[in-house]
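>>> Sequence and predicted structure, then a few things I'm wondering about:
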Amino acid sequence: MLDRRFVVENAELVEQNCQRRGAHADVRAFVELESRRKTQQFEVDELNRKANAVSKSIGKTKDPQEREARKEEGRALREATTAAQAELDAIVAESETILRVIPNMSHPEAPVGADDKANLELRRGKHEPPTFEGKPLDHVELGERLDLIDFEAGAKVAGHGFYFLKNDAVLLEFALQRYALDLLLSEGFTPTITPDLARNEILQGTGYIPRGPETQIYSIAETDLSLVATAEITLGGLYSGEILDTAKLPIKLCGISHCYRTEAGAGGRAARGLYRVHQFTKVEMFAYTLPDDSEAMLDYFCELECRLFDGLGIAYRVVDTATGDLGGPAYRKFDLEAWMPGRGESGEYGEVTSTSNCTDYQARRLGIRYRTGEKGTAFVHTLNGTAIAVSRALIAVLENYQQADGSVVVPDVLRAWVGKERIVPAGA
RNA sequence: GGACGGGUGGCCGAGUGGUCUAAGGCGGCGGUCUUGAAAACCGCUGUACGGGAAACCGUACCGGGGGUUCGAAUCCCUCCCCGUCCGCCA
């Protein structure tokens, strides 16, 4: 969330930003509540001060009658304090309801627009989309013919949106993970495998809403736990409530987790197959930085994503996400969209990675700070980025590397782990 | 899952109802001494909100939440976490 004082002092900017991002937050009501909060806080402090003074004097009073009189005075003051505090709590709760839906500010260069149609293409990868004789198959068909993905069995066992990976798809899953992991290791990231569940408090801190009609999150009944939608959640929670050693920043983490998403309201042809599923594996990048370093870190994350997909030999474009499509915590977001030959009528770009600079928006809620040179602390900046989201990377690999004979060539960089150059139909 | 013991500042650790304004130590910062350093000695050293030009002052915070009391780190309830033992288990 944003800093309360910042919102009050920049109400017009914040309001304008809400409009650009399609967020409905009553900024004016918040400003009004903040001024009431200040007054009320002062009132509570004063009452506490008086009550404390009375309590202290009782300890020193010898005369029993005098003591009783003071106690009575103390009781009255505490009663008044309780009432004033209750009013303050109500004001805080009301203002927080508004503050929670105010999104992060936006980078001045982020394209302004209501949705992904306003996204701005920044550049393309090294490789051109492949050409095919005849219409290429999509990954669902390839997966079926090569006995790699069983959607029917997934649906039977767990419902629509689940799948079994089989045979060489399992090797591809591990190969993709290992490919990403090796790059991040060589770049000095600390590798982690994170919990697949997290407390709702941590989800909220990172900007995810665990319950409610439009939630993307699966929650575990009768607990305060949810399945994570990304390791961004657990990696953000990793240092919650801590003051980080400034000398150790930036901290670069790589987190491998399963990701679970309800995908409420999704559907249609674009969501066919592995593109929009309830569970997938993801290798995630995460960083904690000093405020001045976060923009460079975002570029670095984006560059790593480009290197991964250039290395896979897959065509992609880099997109600067429009304000209306940013989500709550992001200040700026770059997506990589890989060429998927089986998507749409004659191939389309589909999102395979996403990297965001969340500035101090998550850190403030999670309470992650560093010591400034002078006295005091400030909030760090947090960034996240996809290294490999296996399900979507798998679509890109299968569809781009399909051959006229029905086989799929394994990209060079994955061969060491898959152990073969080509995936062929059973019995071929 | 059960029983018992714990959770106190950046770290360690004392504190079982009233000068707690949280002892003491370590670490850190500043100073004295020194050619320099170490040692020794002296001083300073938590976070947030509010007031103030500033010095400073007020309030809250001793794992989270709630309660008892004029007054809670301290007593009660509850949840979380850590340790030990038992049970179960890949």
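Here it is on my side, so go on. Numbering: from 1, shown residues only, chains lettered A, B, ... in the order given.

>>> switch to C-alpha atoms for all contacts and neighbour counts from now on
Fine.

>>> Now do the same contact list for the nearest residue to residue A:2 once chain neighbours are set aside.
In space, and not counting its chain neighbours, residue A:2 is closest to residue A:361: 5.8 Å by CA to CA, 6 or more residues apart in numbering. Neighbour list for residue A:361: A:1, A:2, A:104, A:329, A:330, A:381 [criterion: CA atoms under 8 Å, 6 or more residues apart in numbering].

>>> Tell me which of those residues has the lowest pLDDT.
Looking at the contacts of residue A:361 by pLDDT, the weakest one is residue A:1, with 89.

>>> Provide the count of other residues in contact range of the residue lying closest to residue A:411 once chain neighbours are set aside.
Residue nearest to residue A:411 in three dimensions, not counting chain neighbours: residue A:312, with 6.0 Å by CA to CA, 6+ apart. A total of 20 residues lie near residue A:312 under the criterion other CA atoms under 10 Å.

>>> same deal with residue A:62?
When neighbours are defined as other CA under 10 Å, residue A:62 has 9 of them.

>>> Roughly how far does residue A:133 sit from residue A:421?
Here residue A:133 is placed at a distance of 21 Å from residue A:421 (CA to CA, to the nearest Å).

>>> Oops, could you answer that again for residue A:342 instead?
22 Å.

>>> For the closest residue to RNA strand B within the stretch 101-250 of chain A, which residues count as its bridge partners?
In the stretch 101-250 of chain A, the residue that lies nearest RNA strand B is residue A:243 (6.9 Å; CA to the nearest atom of the strand). For residue A:243, the beta-bridge partners are residue A:369 (DSSP bridges).

>>> Just the buried positions in stretch A:397-415, please.
For stretch A:397-415, the neighbour count (16 or more other CA atoms under 10 Å) marks A:397-403, A:406-411, A:414-415 as buried.

>>> Report the separation between the two terminal residues of it.
Terminal residues of stretch A:397-415 lie 13 Å apart, using CA to CA.

>>> Let me see the mean pLDDT of it.
96.

>>> tell me how far it is from the chain's mean position?
31 Å (CA atoms, centre = their mean, to the nearest Å).

>>> For it, which outside residues touch it?
A:129-130, A:132-133, A:136-139, A:142, A:146, A:172, A:175-176, A:179, A:311-314, A:339-342, A:418, A:420-425.

>>> Show me which of those residues are buried.
Of the members of those, the ones counted as buried by neighbours, 16+ other CA under 10 Å, are A:129, A:136-139, A:142, A:146, A:172, A:175-176, A:179, A:311-314, A:339-342, A:418, A:422-425.

>>> show me where pLDDT drops low in the stretch 301-428 of chain A?
A:373-375, A:427-428 (pLDDT under 70).

>>> Which residue does it have closest to RNA strand B?
Nearest residue of the stretch 301-428 of chain A to RNA strand B (CA to the nearest atom of the strand) works out as residue A:376 at 3.9 Å.

>>> which ones are touching that residue?
Here residue A:376 is in contact with no residues (criterion: CA under 8 Å, 6+ apart).

>>> Okay, strands next: where are they in the stretch 201-350 of chain A?
Using DSSP state E, counting those that start in this stretch, the strands found in the stretch 201-350 of chain A span residues A:225-227, A:243-244, A:251-260, A:279-289, A:316-320, A:332-340, A:348-357.

>>> So for the last one, what gets flagged as buried?
When neighbours are counted by 16+ other CA under 10 Å, the buried residues of strand A:348-357 are found to be A:349, A:350, A:351, A:352, A:353, A:354, A:355, A:356, A:357.

>>> For the stretch 101-250 of chain A, just list every one of the helices.
Using DSSP state H, counting those that start in this stretch, the helices of the stretch 101-250 of chain A run over A:139-145, A:151-158, A:168-186, A:200-206, A:231-237.

>>> deepest of those helices, which one?
Using mean count of other CA atoms under 10 Å, the stretch among the helices of the stretch 101-250 of chain A with the largest mean neighbour count is helix A:231-237, at a mean of 26.

>>> can you tell me if it touches RNA strand B.
No: Helix A:231-237 stays clear of RNA strand B (CA under 7 Å from any atom of the strand), getting no nearer than 13.4 Å.
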